[in-house]
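A.B. asks: Here's my sequence, what's the structure:
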Amino acid sequence: MIAPLLAWLLLEHSSARVLAVSLGGMVVLGSSSDLGPNKVIYAGIVLLCAAISGYRLIVDPPAYLRVFRPVLWWGLAVVAVLVLSYFASPVGSDVGTFGRQSIFYLLILLGPVIGLDSGRDLRPGVVYGMIGFIGVIAAAGFAADWLDRRGVTALPFGRFVLSSLVLPALAFGLALVMFFHARALYARILWILPIICIPIAMLVTGTRTNLIIFVAILAVLGSARRARVPIGSMTVVLLVAGAVGVTLFPVVASFAVADPAFLTQRVQAAVSALSGGGDQSLTFRQQQTETALLMLDQSPLLGYGLGYTIPFTVDSPLLTVLRLGWVGAAVVVAFIASLSAAFLRGTRLYGPNPATTAWWGFLLVCIVNLLFGTPLEDRGFGYAVMLVTMGIAAGFQGYRSSASEFAVGADLSRSTPSG
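C.D. replies: Here you go, the predicted structure:
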């Protein structure tokens, strides 16, 4: 009974496909690191949703689809790279490992297909709200996971959803834009919640890398008519949110962190590193990078494949290169670049919207994250790409159909170009 109902929902409702892939996947893929039956079923659901969306896009293409046509060719190149990475591994590939690792790269590839199709069916405000909500859930999941890993959690649970840095960063950037452009008080209240909650959840773990989410602020600054936030208004938003966040942070930490000295020690370690006192994490990353470079000498073009388990931790951009080689990594980056170019072309045709601005904030966070690792290996990257593509498509569709549908609770006169 459940299976036919689920199939009907996926066939008939875009929102069901998006929620099944995003929230469903965050729970399933965050449950364990093994390739169990639930993950195989989930992979089937992703392929089914992508097939449904792909068919709908072919049979009844929206007008904005034309700007995304070049992305198709790079998508096919990514598929070729993933297949080659399995067969070209110099040390052999394990099918189970390949399946477990490839699902996240498939999400990067298939997410835009689902997003482009679903975006035309959903109101922009609904999509933006989904991104904000999912981003907050992802941030809470990150906090629960990392506090548990560090052995300092006071929470009665550990990881409950997939852990991600970049997915909350996307929601944080979008929330900044939406808070400024909101015209209703209730909308401003709702949008200031991610601005406050996401940084608190990310920083309570004591993970210094999470500070890079604030880089998104730089990318969303600009003219209000370009769906951005003027610097003066941004200053006010950050002062208000910062004051509330600083007040709430000790309260949250007292409930979430078992060791009161933990965060103090993390701050002291950060200050020591900035003052030249040495950083153990940086030393480890340098050692990992050197070892990765030695491994790449054996298979530089196509790497070791997604079916190979790398026998050591690699907190370096070279992790993607180890898996896919220099050629494979370049193809995946080209796919992301082609998607960004499509967003630019669409913005010129249909005007900017909050999701396009959030994308540039997300992309800047990912670029800065290269100093500490590879964002492509962040388990939330594919979900972020799907959600932001859906938001951008909804904005393009809303711009074409009716300005009043552009965003729920947003002042469109400040964010949509005239003419």
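
A.B. asks: how many other residues sit next to Ser340?
C.D. replies: Here the number of neighbours of Ser340 (other Cβ atoms under 10 Å) works out to 15. Just so you know, the C-beta spots here come from the backbone N, C-alpha and C atoms, and that holds for glycine as well.

A.B. asks: For it, which non-adjacent residue is spatially closest?
C.D. replies: Leu363 (6.6 Å; Cβ to Cβ, 6 or more residues apart in numbering).

A.B. asks: What number of residues are in the vicinity of that neighbour?
C.D. replies: For Leu363, the neighbour count with other Cβ under 10 Å is 23.

A.B. asks: Ok, Val91 next?
C.D. replies: 12.

A.B. asks: pretty sure it is in a strand, no?
C.D. replies: No. Assignment of Val91 by DSSP: H, G, I helix; E, B strand; the rest coil gives coil, placing it outside any strand.

A.B. asks: Which residue is the nearest non-sequential neighbour of Thr389?
C.D. replies: Spatial nearest neighbour of Thr389, excluding adjacent residues (Cβ to Cβ, 6+ apart): Gly115 at 3.2 Å.

A.B. asks: Cross-check the contact I'm expecting between that neighbour and Gly382.
C.D. replies: No. Under the criterion of Cβ atoms under 8 Å, Gly115 is not in contact with Gly382, lying 10.6 Å apart.

A.B. asks: where in the stretch 251-400 of the chain is pLDDT low?
C.D. replies: 269-282, 399-400 (pLDDT under 70).

A.B. asks: could you redo the last one with a cut-off of 90?
C.D. replies: 253-319, 322-323, 325, 351-352, 370-374, 377, 379, 397-400 (pLDDT under 90).

A.B. asks: And Leu294, how far from Ala330?
C.D. replies: 21 Å (Cβ to Cβ, to the nearest Å).

A.B. asks: Compare the two and say which is more crowded by neighbours.
C.D. replies: Per other Cβ under 10 Å, whichever of Leu294 and Ala330 has more neighbours is Ala330, with 14 against 9.

A.B. asks: quick one, phi psi at that one?
C.D. replies: In terms of degrees, to the nearest 10, the main-chain angles of Ala330 are phi -60, psi -40.

A.B. asks: hmm, back to that, the residue nearest to Ser340 contacts Phe343, doesn't it?
C.D. replies: No. Between Leu363 and Phe343 there is no contact under Cβ under 8 Å: 9.6 Å.

A.B. asks: Check the offset of stretch 366-383 from the chain's centre.
C.D. replies: Its chain's average C-alpha position is 8 Å from that of stretch 366-383, according to Cα atoms, centre = their mean, to the nearest Å.

A.B. asks: Any idea how far apart the tips of it sit?
C.D. replies: In stretch 366-383, first residue to last residue: 14 Å (Cα to Cα, to the nearest Å).

A.B. asks: which residues are common contacts for Leu363 and Phe343?
C.D. replies: Counting by Cβ atoms under 8 Å, 6 or more residues apart in numbering, Leu363 and Phe343 have no common neighbour.

A.B. asks: And the residue nearest to Tyr105 when sequence neighbours are not counted, how close does it get to Leu6?
C.D. replies: Among residues not flanking Tyr105 along the chain, Leu82 sits closest, at 6.0 Å (Cβ to Cβ, 6+ apart). Separation of Leu82 from Leu6 (Cβ to Cβ): 27 Å.
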